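Q: next come a sequence and a model predicted from it.
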Amino acid sequence: MVRLEHISKQFGAIRAVDDVTLDIPGGAITILAGADGAGKSTLFKMLVGLAKKDAGAILLDGTDINGDYSRVTAVCGYMPERFSLYSDLSVEENMDFFAAVQQVPAPRRRELKERLLQRTGMAPFRRRRAGALSGGMKQKLALSSILLSSPRLIILDEPTTGVDPLSRIEFFAIIEDLKKEGRTIVMSTPYLDEAEKGDHIVFIRNGRVMRQDSLAGLRASFPARLFRILPAGNIFEVMRQVAADPDLAGRAHPRGRYIRCLQTGAGDPGERIPHLEMVEEQPTLEDMYIYYERQA
């Protein structure tokens, strides 16, 4: 649905986004995964016209928008990292306000508001002030507010940061339902476990895309094998040996009683690490992100 081609943005001496090309497939969940300061928010702001790009092109449905951001905003709902709810208004009053701003007709507004309150589980709290909501409930209210315009494209900037684990699960259940309706969702997150829920995953670091693919594609192309090793003897002594080995340094890390090691060459790390047990595991997105980050 959306393609960004060679997008760049600089703030003074800081190159926030550096020659980024990425795809946001229609009817799917695309997740931009990266640490704070990676350039995720800046990319979203350029996509909706809140920040001016220095270079590159934005294509919507295969056609360059040529600076006409109204073509994007007409079909998208954008939820920034700090969505501005009105704390003195109730849940329902906030939704009415945002529906009015988005010029949703009154009959349609009532129908959509009731449906969204039920879908998000916010109906029992419709008269509660937004300022008295939990973090997870505030995010569900923010999402409901942008959905009132029935957008085809939903842009979510770190929507689960600071949200409790149960609310994160509930939030992603709503996102999955939206995908089933054919909506296109693109969101950013610093949490690599969340990125595994995406259909299309983009690793971004220091304003540049390191890798992008489906989870299956990232795993299939990953050039290293991951081993979980139970060391023989004191783990700290073993790790001192590992740190002194140029072939292992930076690739083996303690995790509880075990050492996790990425092997990029022939053989296996058990030949160099004294161990009682060694098991090959499927790498997580976190393992892959850390690997590519160190190669960058």
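A: Alright, I've got the coordinates. Numbers count the residues shown, from 1 in each chain.
Q: F97 is in contact with L89, correct?
A: Yes - judged on Cβ atoms under 8 Å, L89 makes contact with F97 at a distance of 6.7 Å. For the C-beta atoms, the positions are set from N, CA and C on the backbone; glycine is no exception.
Q: need the contact list for the nearest residue to R128 once chain neighbours are set aside.
A: Distances taken as Cβ to Cβ, 6 or more residues apart in numbering place V91 nearest to R128, at 5.8 Å, with adjacent residues excluded. With contact set as Cβ atoms under 8 Å, 6 or more residues apart in numbering, V91 has these partners: 117, 122, 125-128, 130, 133, 141.
Q: and the strands in the protein?
A: 2-11, 14-24, 29-33, 55-60, 63-64, 76-79, 153-157, 184-189, 200-205, 208-213, 225-231, 252-255, 258-263, 275-281 (DSSP state E).
Q: now those as TSV including mean pLDDT, distance to V48 and mean neighbour count?
A: Shown next, in TSV, are those (pLDDT from 0 to 100; distance: least, Cβ to Cβ, whole Å; neighbours: other Cβ atoms under 10 Å):
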stretch	mean pLDDT	distance to V48	mean neighbour count
strand 2-11	96	11	17
strand 14-24	95	13	18
strand 29-33	96	14	25
strand 55-60	96	10	17
strand 63-64	94	16	10
strand 76-79	94	5	21
strand 153-157	96	7	23
strand 184-189	96	11	24
strand 200-205	96	17	22
strand 208-213	95	19	18
strand 225-231	93	38	19
strand 252-255	88	39	16
strand 258-263	90	38	21
strand 275-281	92	40	13
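Q: dump those to TSV, plus distance to R109.
A: Listed next are the strands of the chain as TSV, based on distance: least, Cβ to Cβ, whole Å:
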stretch	distance to R109
strand 2-11	27
strand 14-24	28
strand 29-33	27
strand 55-60	26
strand 63-64	31
strand 76-79	15
strand 153-157	19
strand 184-189	23
strand 200-205	33
strand 208-213	38
strand 225-231	51
strand 252-255	51
strand 258-263	52
strand 275-281	50
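Q: now do the helices in the stretch 101-250 of the chain.
A: 106-120, 135-147, 165-180, 192-195, 215-221, 235-243 (DSSP state H, counting those that start in this stretch).
Q: now the ones you listed as JSON lines including distance to V17?
A: Below are these laid out as JSON lines (distance: least, Cβ to Cβ, whole Å):
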{"stretch": "helix 106-120", "distance to V17": "32"}
{"stretch": "helix 135-147", "distance to V17": "23"}
{"stretch": "helix 165-180", "distance to V17": "25"}
{"stretch": "helix 192-195", "distance to V17": "19"}
{"stretch": "helix 215-221", "distance to V17": "22"}
{"stretch": "helix 235-243", "distance to V17": "36"}
